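Enquirer: sequence and computational prediction follow.
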Amino acid sequence: PPQRMAVNLPEPGSRRSVHAAILLGIAALLAFIAWRVFEIQPFDGDNLWILEWADKTRLSDLPRVAPSVYPEWRPFPYATIWLQYKSATIEHLWAYQLVNLSIWVACGWIVARIVLDLSGSALAGFAGGVIVLTSTQLVSTFVLIVERQNSMACFFGLAAWLALIPAWEERSVRRWVVVSSLLAASAFSKEFGLAFAAAIGAFALVERHWPALWAAAGAVALYGVCRIVFAGGGIGLYCEQHGYFLTARNVCFDRVDGVVISQAAYNVVATGISSLMYGLFFDDGTISVSPRWLLISGVVLAVAVVGWVRGGKLNPIGLLIIAFNTV
């Protein structure tokens with residue numbers, strides 16, 4: 001079915017002007033609400049750890065990253081921090097936060113462009129970008145230096161979705177190579193970036209759109225091969241404090257038993273609920289009800305449901321990204 005367009009912007013020049021205006025608007029908004037991040041000293045444990053890692057790591061060790069810390073392999077964000085450290089060290093700490101904020105602004109801008117392309121409404125696009133940039137769930141992406149891995153994964157994954165929109169009706173190999181490369185880059189930033197490739201691949205399979213399916217499959221395959229070659233799979237022991245209903249407990253995912261299975265199931269359910277209705281859980285997953293945030297997220301969810309029901313053909317990809325991220 002044809003996409004429903006709320007506002008028509010037929011001229012490329014007018015679209016570029018709208019894109020620029022939205023970018024300036026959301027950049028000014030984030031600068032207004034987050035400028036104090038530049039005053040943060042790196043005394044948080046995660047900030048100290050990543051700076052120490054950058055100081056001790058050699059260029060030849062970059063592809064492997066640090067798989068012994070967690071069962072993870074996130075070479076792109078770690079490489080950017082390493083490169084920054086070589087020039088800024090700890091003398092210009094604001095530079096790390098500037099990069100983090102810039103990446104997050106870019107994420108909000110791409111969200112705005114996706115909404116604009118799917119709806120045709122510049123107002124809806126700007127509102128989408130504002131909702132993303134003002135979410136308190138995402139403050140750590142620019143407060144903690146290492147957490148740019150989240151925003152980088154979102155940036156590349158959202159860029160792939162944006163590039164997919166004009167490519168959907170085309171058969172240009174070059175466009176689909178770009179989409180596949182962006183999906184791989186999202187996974188190289190953080191494992192959760194694979195949700196973008198899975199969502200696009202699943203949607204393409206249902207729609208029998210083979211170029212999109214091969215683009216997603218190719219990204220996953222490239223990521224898997226590189227992770228095995230450079231990091232030996234990046235498989236390590238994962239022990240962490242997890243919320244479990246009204247309490248928190250330390251769980252190691254090193255075996256299959258009742259505790260591990262129950263914690264994994266709880267994590268998935270809590271993640272899925274929090275992705276749609278923020279305000280029921282604390283950051284570690286324990287139940288902590290906030291009526292104010294429940295009200296706000298309820299309003300946002302109601303708008304999202306309308307968008308999923310009445311949106312264009314490619315709109316369900318957004319819901320699939322949430323579902324695969326939850327899994």
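Expert: Alright, I've got the coordinates. Remember, it's a predicted structure, so these values are computed and weren't measured experimentally.
Enquirer: going by C-alpha atoms from here, please, whenever you check contacts or count neighbours.
Expert: Noted.
Enquirer: all strands of the stretch 201-327 of the chain, in order?
Expert: 239-244, 247-252 (DSSP state E, counting those that start in this stretch).
Enquirer: output the first one as CSV, nothing but the C-alphas.
Expert: Extracted as CSV, the C-alpha positions of strand 239-244 are listed here (Å, rounded to 0.1, in the frame of the first residue of the first chain):
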residue,chain,number,x,y,z
CYS,A,239,28.8,-11.7,36.3
GLU,A,240,26.7,-8.7,37.2
GLN,A,241,24.2,-7.4,39.7
HIS,A,242,20.7,-7.8,38.3
GLY,A,243,17.4,-6.6,39.5
TYR,A,244,14.9,-9.3,40.3
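Enquirer: so for that strand, what gets flagged as buried?
Expert: 242-244 (16 or more other C-alpha atoms under 10 Å).
Enquirer: over to stretch 161-179?
Expert: 161-165, 167-168, 175-179.
Enquirer: before we move on, what about stretch 213-228?
Expert: Those would be 213-220, 222-223, 226-227, for stretch 213-228 by 16+ other C-alpha under 10 Å.
Enquirer: which among the residues you listed gets closest to Glu72?
Expert: Of all those, Glu72 sits closest to Arg227, with 9.3 Å by C-alpha to C-alpha.
Enquirer: wait, what's in contact with that closest one?
Expert: 73, 233-234 (C-alpha atoms under 8 Å, 6 or more residues apart in numbering).
Enquirer: let me see the confidence value for it.
Expert: The per-residue pLDDT reported for Arg227 equals 95.
Enquirer: same question for Glu11.
Expert: pLDDT recorded at Glu11 is 55.
Enquirer: again, but for the one 5 residues further on
Expert: At Arg16, the predicted lDDT confidence score is 86.
Enquirer: same check, this time on Val132
Expert: Looking at Val132, the pLDDT reads 88.
Enquirer: tell me how far it lies from Leu116.
Expert: 15 Å (C-alpha to C-alpha, to the nearest Å).
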